[in-house]
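[1] Sequence below, structure please.
(chains A and B)
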Amino acid sequence: AAGVIQSPRHLIKEKRETATLKCYPIPRHDTVYWYQQGPGQDPQFLISFYEKMQSDKGSIPDRFSAQQFSDYHSELNMSSLELGDSALYFCASSGPGQGSYNEQFFGPGTRLTVL
Amino acid sequence: AQRVTQPEKLLSVFKGAPVELKCNYSYSGSPELFWYVQYSRQRLQLLLRHISRESIKGFTADLNKGETSFHLKKPFAQEEDSAMYYCALSPYSSNTGKLIFGQGTTLQVKP
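    Numbering: from 1, shown residues only, chains lettered A, B, ... in the order given. This is a model prediction of the structure:
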């Protein structure tokens, strides 16, 4: 079965730079979720999209923005990076097809390191 | 406030011993509860959810609304069960299905 794809897998940036993380959901999945997991912490919900519209928002800084495109892939844009943004960023998808209702399938994550 | 608490960071047991990973939640409504597992160098994957009432890989979990708990149990641990386990809550008030995770428990099954 197809899985959620995230790119890049690793990213190193300097403070105040910008970063773009990409997420490609499982085919036919229409909902994408973003989570942030800091070192030694649990994953924290950032934002979600359903059918290309923002559906929920969590503890996402104003410096971050995200969108879902017509092909359902999503991008998380992060500006003015801070040291505290260093974390593992997970993307998950859900929808018709693979999985039961509301079951989220996770990607491998993008590890962002801010120096 | 919505919160999931997993009191144990690490649980170490011998193969064949019973396992119970604790999970307590705080939520005023009726949430949906999940257990996710992450094996070494693999991605997070759903283990089970309370509404399905299934037994997956020998694991079961019962939602106790009185105690607001959703403990994960297995009568006889296997070495391949060694992994990180996350309890998660999805509030019904949110149709989006976002997950609120606990801190995770590392299960170590020794031979």
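[2] surely B:Ser82 meets B:Thr105?
    No - assessed by CB atoms under 8 Å, B:Ser82 is found out of contact with B:Thr105, at 11.6 Å. Every residue, glycine included, has its C-beta placed from N, CA and C.
[3] Looking only at neighbour counts, state which of these two leads.
    Just comparing B:Ser82 and B:Thr105: by other CB atoms under 10 Å in any protein chain shown the higher neighbour count belongs to B:Thr105, 20 against 17.
[4] The helix or strand bottoming out on mean pLDDT in chain B and chain A, any residue contact?
    Among the helices and strands of chain B, strand B:45-49 carries the lowest confidence by mean pLDDT, DSSP states H and E, at a mean of 89. Yes - counting by CB under 8 Å from any CB of the partner chain, contacts between strand B:45-49 and chain A involve B:45-46, B:49.
[5] so what strands line up beside the helix or strand bottoming out on mean pLDDT in chain A?
    When each helix and strand of chain A is scored by mean pLDDT, DSSP H and E, strand A:53-57 comes last, with a mean of 91. Strand A:53-57 sits in its sheet next to strand A:44-50 (antiparallel), going by DSSP bridges.
[6] Roughly how far does the nearest residue to A:Gly38 once chain neighbours are set aside sit from A:Lys13?
    Using CB to CB, 6 or more residues apart in numbering or on different chains and skipping the chain neighbours, the partner closest in space to A:Gly38 is A:Ala87 (4.6 Å). The gap separating A:Ala87 from A:Lys13 is 12 Å, by CB to CB, to the nearest Å.
[7] So those two - more neighbours on which side?
    Neighbour count, other CB under 10 Å: between A:Ala87 and A:Lys13, A:Ala87 has more, with 20 against 16.
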